[in-house]
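Chemist: what shape does this take:
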Amino acid sequence: MRTASFSGDSLQGRTPPVRSLSLYQCFNKANEANKEIIAAQATVPIARAGIQIASAIPNPRFSLLYGWGHAFTLIIAGNPEQFGWMEQVRTAGKRTKAVNVARAALGATEFQVAATMFSVHNRVRRAYAAQAAAEAYAELIESERKVALDLQGTAERRFASGKAAQSEVLQAQLGVLQFDTQRNQAQVRLEQSTAALAQLIGETPQQVEVIDVDDNGIFKLSADHTDIVPQPNNPLPPLGLLLPVAYTQRQDLNAAIQQAFADRKSLTLARSQRIPDVFVDSGYQFTTFLKQQPYQLFTPPSNAGVPNQPGCYLNITLEAPLFYHYQGETDLAKATWLQDFDQNDQLKWQIANDIVSGYEEIVVARANIFKFQNDLIPQAALVARLARRSYEVGKKDLASAILAKQQYQQILSSYFDAVVAYQNAWADLEQAVGVSIKS
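Modeler: As a prediction, this is how the structure comes out:
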């Protein structure tokens, strides 16, 4: 469907450029350029880097001690030169436990990315439906304006034949002029809906434009196919089946459950901190004593001088957990893990509440749509048609025809509001369930 091109004095005859997008094109654009999705996806490499960090083996440390002066050249000081390597040996499987924590955190991150993508898609669907509603409203204004023009033509013909006063012509012209403000409102609604949709699909507005959606069949009185939401006359899935689906398909719930799993792994890691790591230091030492010592500190058996006195050493260091056994870290990890259960229960409760509320909203919105389609709209159209015909043959005045036309327009506008409420209720239910629902 193409949007109406407003002319005349409406918004000074401004006609913004129009382009067409399908719902699935909007989904694809959002996947590629939506800022929330891009930011969420950027957390995955960060989580993967956490695995790499956790699995790294500590680098050995090289140490060298080489000195000058009497402290290293006189036997009475006795300080040797030395060099060696020190390595940290992680005990109690800390490295494996840290890797498990990092991998669990990666799983939670991936679930959160999926939840963000579904949330953005849900909002894209809402924005697309709002754009379809804006297009349908613009078409309604144009069709009603044509009716007002026809009524104005009838008043002018009756005035020309002497059957009506000039005041009726002016009143009919006023009825046409009133649509100019409504056309302006419809145009602004189209442009604002376009801006909201463009933002969700990751575009930066460069100009005022209108996105033409090719799916507004839900606003028609016939049961046209639409991909935005199922037709109101389609049967609803049983309420009892939606909650089990939500418990398995809600990605934010899966992320919360995975986070609880990661926190349980963190508790295991915290408990292992009570067993200290071992630092192994080994190396080689040698002396640089002067061959001829003063004060006859050394009298060699020959004139060979002071010999080198080399040797190897092994040094093992570990923390002695006498005063602190990492109780704080363990208690913190345990409290965080237990808190996850309360938060997950709260989220499940909220999911169940949202599903029931959204389901009831759909039921009410469907009932309203059926009432409009079957009773209110046909009755209002008949009243407007009869009032206009009665005015044409002179049985009723123009005010009665205008009033009937306005009532018909108000009912159509209320019908559009009911359709929008149905779309929003369906989007709320899908958001609560966590997956697109096909009725």
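
Chemist: packing partners for the longest helix anywhere in the chain?
Modeler: Ranked by residue count under DSSP state H, the longest helix found in the chain is helix 94-160. Packed against helix 94-160 by the contact rule (3 or more Cβ pairs under 8 Å, 6 or more residues apart in numbering; DSSP states H and E) you find helix 23-33, helix 35-41, helix 43-55, helix 166-200, strand 210-213, helix 251-272, helix 377-392, helix 398-433. Glycine gets a C-beta too; all of them are placed from N, C-alpha and C.

Chemist: show me how far the fourth one is from its chain's centre.
Modeler: In this case it means helix 166-200. Put simply, helix 166-200 sits 34 Å off its chain's centre (Cα atoms, centre = their mean, to the nearest Å).

Chemist: pull out the buried positions in that helix.
Modeler: 168-169, 171-172, 175-176, 179-180, 182-184, 186-187, 189-191, 193-198, 200 (16 or more other Cβ atoms under 10 Å).

Chemist: now the longest helix of the chain: mean pLDDT?
Modeler: Here helix 94-160 scores 91 as its mean pLDDT.

Chemist: and residue 227, what's its pLDDT?
Modeler: Taken from the predicted model, the pLDDT recorded for residue 227 is 62.

Chemist: also residue 335?
Modeler: Turning to residue 335, the model gives it a pLDDT of 97.

Chemist: most tightly packed of the helices and strands packed on helix 94-160?
Modeler: strand 210-213 (a mean of 24; mean count of other Cβ atoms under 10 Å).

Chemist: what lines up beside it in the sheet?
Modeler: Taking DSSP bridges as the criterion, strand 210-213 pairs within the sheet with strand 18-21 (parallel).

Chemist: give me the angle between the longest helix of the chain and helix 377-392.
Modeler: Our comparison of helix 94-160 with helix 377-392, counting by axes from the mean of the first three to the mean of the last three Cα atoms, to 10 degrees, yields an angle of 20 degrees.

Chemist: hmm, who's touching stretch 255-272?
Modeler: Residues from elsewhere that reach stretch 255-272, judged by Cβ atoms under 8 Å, 6 or more residues apart in numbering: 91-94, 97-98, 100-101, 104-105, 107-109, 111-112, 115, 326, 329-330, 332-334, 336-337, 340-341, 343-344, 347.

Chemist: run the last query once more with 6 Å
Modeler: Contacts of stretch 255-272 from elsewhere in the structure, counted by Cβ atoms under 6 Å, 6 or more residues apart in numbering, are 92, 94, 97-98, 100-101, 104-105, 107-108, 111-112, 115, 329-330, 333-334, 336-337, 340, 344, 347.

Chemist: just how off-centre is that stretch within its chain?
Modeler: For stretch 255-272, the distance between its averaged C-alpha position and the chain's averaged C-alpha position is 25 Å (Cα atoms, centre = their mean).

Chemist: what mean pLDDT does it get?
Modeler: Averaged over stretch 255-272, pLDDT sits at 96.

Chemist: any idea which of the helices and strands packed on helix 94-160 gets closest to residue 136?
Modeler: Of all these, it is helix 398-433 that lies closest to residue 136, at 6.2 Å by Cβ to Cβ.

Chemist: where does the protein dip in pLDDT?
Modeler: Residue ranges of the chain with pLDDT under 70: 1-15, 214-227, 299-304, 439.

Chemist: quick test: name the residue nearest the centre of it.
Modeler: In the chain, the C-alpha nearest the mean C-alpha coordinate belongs to residue 116, at 3.3 Å (Cα atoms, centre = their mean).

Chemist: verify the contact between it and residue 41 for me.
Modeler: No. The pair residue 116 and residue 41 does not pass the contact test of Cβ atoms under 6 Å, sitting 8.4 Å apart.

Chemist: dump the helices and strands packed on helix 94-160 into JSON lines; add distance to residue 293 as well.
Modeler: Written out in JSON lines, the entries for the helices and strands packed on helix 94-160 read as follows (distance: least, Cβ to Cβ, whole Å):
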{"stretch": "helix 23-33", "distance to residue 293": "80"}
{"stretch": "helix 35-41", "distance to residue 293": "72"}
{"stretch": "helix 43-55", "distance to residue 293": "53"}
{"stretch": "helix 166-200", "distance to residue 293": "85"}
{"stretch": "strand 210-213", "distance to residue 293": "95"}
{"stretch": "helix 251-272", "distance to residue 293": "53"}
{"stretch": "helix 377-392", "distance to residue 293": "117"}
{"stretch": "helix 398-433", "distance to residue 293": "88"}
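
Chemist: between those, which one is nearest to residue 363?
Modeler: Nearest to residue 363, of the helices and strands packed on helix 94-160 and by Cβ to Cβ, is helix 398-433 at 8.7 Å.

Chemist: from the contact counts, what lies against that closest one?
Modeler: The helices and strands touching helix 398-433, judged by 3 or more Cβ pairs under 6 Å, 6 or more residues apart in numbering; DSSP states H and E, are helix 94-160, helix 166-200, helix 239-249, helix 327-371, helix 377-392.

Chemist: any idea how far the closest residue to residue 201 other than its chain neighbours lies from residue 211?
Modeler: Nearest-residue entry for residue 201: residue 29, 3.9 Å, with adjacent residues in sequence omitted and distances by Cβ to Cβ, 6 or more residues apart in numbering. According to Cβ to Cβ, to the nearest Å, residue 29 stands 11 Å off from residue 211.

Chemist: try residue 381
Modeler: Counting by Cβ to Cβ, the gap between residue 381 and residue 211 amounts to 31 Å.

Chemist: now residue 314
Modeler: 74 Å.

Chemist: kindly report the same for residue 180.
Modeler: From residue 180 over to residue 211 the distance is 24 Å, taken as Cβ to Cβ.

Chemist: now residue 296: how far from residue 306?
Modeler: When residue 296 is compared with residue 306 (using Cβ to Cβ), they lie 12 Å apart.

Chemist: now do residue 252
Modeler: With Cβ to Cβ as the criterion, residue 252 and residue 306 are 76 Å apart.

Chemist: likewise residue 65?
Modeler: Going from residue 65 to residue 306 by Cβ to Cβ gives 20 Å.

Chemist: one more: residue 156?
Modeler: According to Cβ to Cβ, residue 156 stands 129 Å off from residue 306.

Chemist: repeat that for residue 235.
Modeler: Taking Cβ to Cβ as the criterion, residue 235 is separated from residue 306 by 102 Å.

Chemist: need the three-state assignment for residue 282.
Modeler: Here residue 282 takes the strand state, with states given by DSSP: H, G, I helix; E, B strand; the rest coil.
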